[in-house]
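Participant: just need the structure, nothing else, for what follows:
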Amino acid sequence: MNKERLLSIVLAPVVSEKSTVCAELSNRFVFKVAKDATKPEIKKAISLLFDVDVESVSTSNVKGKRKRFGAIQGRRANWKKAFVKLKSGQDIDFSLT
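Facilitator: Take a look at the predicted model:
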């Protein structure tokens with residue numbers, strides 16, 4: 001896997017109440033990742049970006065919600081979510097400092 005591919009896999013962190021509880025209780029962080037990303041690619045990408053040791057990766061495909069735009073029915077895009085568990089003593093800091 002080349003470095004460019006690894007840097008394009010992780011799209012954004014998922015910031016929600018559920019992801020915050022996962023981070024605090026079980027040292028799991030949630031990320032929005034590319035739809036064609038595999039678990040080994042996600043593991044290497046997180047290790048490269050944040051310089052942490054990854055214990056395991058779980059993924060789920062999230063279906064886009066149906067939405068109305070006035071009289072037009074629409075649908076949001078499907079996306080992939082990755083739950084990344086870090087080894088004990090590791091942490092990811094999302095602060096902008």
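
Participant: which ones are touching residue 77?
Facilitator: Applying Cβ atoms under 8 Å, 6 or more residues apart in numbering, we find residue 77 in contact with residue 64. Yep, even glycine has a C-beta here, placed from its N, CA and C like the rest.

Participant: in a strand, that's where it is, yeah?
Facilitator: No - under DSSP: H, G, I helix; E, B strand; the rest coil, residue 77 sits outside any strand and is assigned coil.

Participant: give me the pLDDT for it.
Facilitator: In this model, residue 77 is scored at 95, pLDDT.

Participant: quick check: it vs residue 85, distance?
Facilitator: From residue 77 across to residue 85, the span is 26 Å (Cβ to Cβ, to the nearest Å).

Participant: one more: residue 6?
Facilitator: To residue 85, residue 6 is 19 Å away according to Cβ to Cβ.

Participant: okay, which residue of the chain is out on the far edge from center?
Facilitator: Farthest-out residue of the chain from its mean C-alpha position, per Cα atoms, centre = their mean: residue 71, at 33.5 Å.
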